[in-house]
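K.L.:
Provide a 3D model corresponding to the input given below.
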Amino acid sequence: LEEIPMKLDTRWMFFLIAFAAAVPVSAQGKITAVVNSATFQSDTPRGGALATVFCSGVQNYYLPGTYIAPQTKPLPTVLDGNVGIEVNGFLAPLLAVVVGTDGTAQINFQVPPGADAGISNLTGSGLTEACGDQSPYRYFNAGGLMLPGGFFSDANGYAIAQHASDYSLVTTQNPGHPGEAIIAYANDFFVVWPPPPIAFATPSQPLFLATQSPGGLYLQSYLPSGGVGAPSTLPIQVTFQGLAPGQIGVEQLNFVVPANQQPGDWPLFYSATSGVKHLSSAFVKLPVR
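P.N.:
Numbering: from 1, shown residues only. Here you go, the predicted structure:
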């Protein structure tokens, strides 16, 4: 593990996080949703991970537009001169703010340390009038039988992944192959040590390694009924799990496509057993040919 393949263009990942597709919101002058930035499941990720908040009823004095934090500096806690997010009394580092002409706003941020899922009171700093006073406003993972966390994907549900051999993106035109090493990117799957950097890109050294896995990683037919039922094959080989060097809050997983993997667009997901229940993460598709 002296060298972990990681050459995803920082501007490209920033673009992915900053311009995640907005969900419909109503004009009621309030915070309408807090979601995991990778899966858009209702959730406030743990400290160091990435979250997105949606607001409606934004007042006219917030200028419409897209505001992206500089990549060469620590993330700011205020963008657009006014917009900020406070979580459990901590101002959150902001990646991007998108203010629409229809009175909606999307804010992408890194969750401050100590603000884990299910305990976050979320208020607006500079958005109090626009989003309403929502303190205390508690968010719980609403996935039921779903594991928290998830993989980043494109608009068609394909994993944001690279070929470890040349760092090119995995696509349907440039698919993965049996026996090949692949790199995928995720958000809020695991706790790392040392503790994750806040507002700064993850350095290449030391490695910020996952202290434990949420379960086995699978590349096979997805479990039915939101994760009920055990996977039918063994987990695939994972060679690295930790924070992605050069990125802010993004997790990296290096794994090997099984040598006997058949051609297809295979669901990639975590699955774990809790008591008698089988829990799974949301899946993304990985093309294998």
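
K.L.:
Next SSE downstream of the helix or strand bottoming out on mean pLDDT in the chain?
P.N.:
Across the helices and strands of the chain, mean confidence by mean pLDDT, DSSP states H and E is lowest for helix 128-131: a mean of 45. Using DSSP states H and E, the helix or strand that directly follows helix 128-131 along the chain is strand 150-151.

K.L.:
Give me the residues contacting that next one.
P.N.:
Here strand 150-151 makes contact (Cβ atoms under 8 Å, 6 or more residues apart in numbering) with 36, 38-39, 41, 159-160, 184-189, 268-269, 281-284. Every C-beta, even on glycine, is put in place using the N, C-alpha and C of the backbone.

K.L.:
tell me the secondary structure for Gln205?
P.N.:
coil (DSSP: H, G, I helix; E, B strand; the rest coil).

K.L.:
where do the strands sit along the stretch 151-289 of the chain?
P.N.:
161-163, 181-187, 192-193, 209-210, 216-219, 237-243, 251-256, 264-274, 277-280, 284-288 (DSSP state E, counting those that start in this stretch).

K.L.:
same deal with the stretch 1-150 of the chain?
P.N.:
Going by DSSP E, counting those that start in this stretch, the stretch 1-150 of the chain shows strands at 30-36, 50-56, 65-68, 84-87, 90-91, 94-99, 105-110, 122-125, 150-151.

K.L.:
mind giving me JSON lines with those and columns for mean neighbour count, distance to Pro194 and mean pLDDT?
P.N.:
Formatted as JSON lines, those follow (neighbours: other Cβ atoms under 10 Å; distance: least, Cβ to Cβ, whole Å; pLDDT from 0 to 100):
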{"stretch": "strand 30-36", "mean neighbour count": "22", "distance to Pro194": "23", "mean pLDDT": "82"}
{"stretch": "strand 50-56", "mean neighbour count": "25", "distance to Pro194": "19", "mean pLDDT": "87"}
{"stretch": "strand 65-68", "mean neighbour count": "16", "distance to Pro194": "28", "mean pLDDT": "87"}
{"stretch": "strand 84-87", "mean neighbour count": "24", "distance to Pro194": "21", "mean pLDDT": "79"}
{"stretch": "strand 90-91", "mean neighbour count": "16", "distance to Pro194": "19", "mean pLDDT": "82"}
{"stretch": "strand 94-99", "mean neighbour count": "24", "distance to Pro194": "22", "mean pLDDT": "89"}
{"stretch": "strand 105-110", "mean neighbour count": "26", "distance to Pro194": "16", "mean pLDDT": "89"}
{"stretch": "strand 122-125", "mean neighbour count": "20", "distance to Pro194": "27", "mean pLDDT": "59"}
{"stretch": "strand 150-151", "mean neighbour count": "27", "distance to Pro194": "23", "mean pLDDT": "95"}
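
K.L.:
Redo those as a markdown table? Include distance to Leu169.
P.N.:
Supplementary listing: these in a markdown table, determined by distance: least, Cβ to Cβ, whole Å:
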| stretch | distance to Leu169 |
| --- | --- |
| strand 30-36 | 22 |
| strand 50-56 | 20 |
| strand 65-68 | 21 |
| strand 84-87 | 31 |
| strand 90-91 | 34 |
| strand 94-99 | 21 |
| strand 105-110 | 22 |
| strand 122-125 | 34 |
| strand 150-151 | 14 |
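
K.L.:
Where does pLDDT dip in the stretch 101-250 of the chain?
P.N.:
115-145, 223-229 (pLDDT under 70).

K.L.:
hmm, try it at 50
P.N.:
117-120, 128-130, 132-143 (pLDDT under 50).

K.L.:
just checking, Pro148 touches Asp43?
P.N.:
Yes - Pro148 is in contact with Asp43 according to Cβ atoms under 8 Å; the separation is 6.0 Å.

K.L.:
The two: who's more crowded?
P.N.:
More crowded of Pro148 and Asp43, by other Cβ atoms under 10 Å: Asp43, with 27 against 24.

K.L.:
and Thr172, how many residues sit next to it?
P.N.:
By the criterion of other Cβ under 10 Å, Thr172 has 11 neighbours.
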